[in-house]
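A.B. asks: okay, predicted coordinates and the sequence, questions at the end:
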Amino acid sequence: MIKIVLSRKLGELRRNQADLARATGIRPTTISELYNEFAERISFEHLDLICEALDCDISDIIVRVPNKEPKVTHDFAGNPKKL
């Protein structure tokens, strides 16, 4: 599962959502959805703007946590994976 940890990064920098919205020009609603992990998608442009504004790498705001239950059930050849 992909997690957005923007709230953690903003906290480390002692910045808030409004600061980030002003710096990037991204709508406050979009920043809020990312901050609260409600967003289902994000544009590459927004990622780039956020990373530039926060002077960070993508890995500082987005992380992958392994799924508790595997969701990929087949290998690249189409054969069922052993679970």
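C.D. replies: Noted; the coordinates are in hand.
A.B. asks: quick one: the strands in this protein?
C.D. replies: Counting by DSSP state E, residue ranges of the strands within the chain are 2-4, 62-64.
A.B. asks: for residue 22, which of the ones you listed is the nearest?
C.D. replies: Closest of the strands of the chain to residue 22 is strand 2-4, at 19.7 Å (criterion: C-beta to C-beta). The C-beta positions use only the backbone N, C-alpha and C, and glycine is treated the same way.
A.B. asks: and the helices in the chain?
C.D. replies: Taking DSSP state H, the helices of the chain run over residues 6-13, 17-24, 28-35, 44-54.
A.B. asks: with just CA atoms, put the third one into CSV.
C.D. replies: Presented in CSV, the C-alpha positions along helix 28-35 are these (Å, rounded to 0.1, in the frame of the first residue of the first chain):
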residue,chain,number,x,y,z
PRO,A,28,-5.6,24.1,-0.4
THR,A,29,-8.2,21.4,-0.8
THR,A,30,-5.7,19.2,-2.7
ILE,A,31,-3.1,19.8,-0.1
SER,A,32,-5.6,18.8,2.6
GLU,A,33,-6.5,15.6,0.8
LEU,A,34,-2.8,14.7,0.6
TYR,A,35,-2.1,15.7,4.2
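A.B. asks: that helix: which residues count as buried?
C.D. replies: 30-31, 33-35 (16 or more other C-beta atoms under 10 Å).
A.B. asks: pLDDT wise, what is residue 83 at?
C.D. replies: On pLDDT, residue 83 comes in at 65.
A.B. asks: brilliant, that's me finished.
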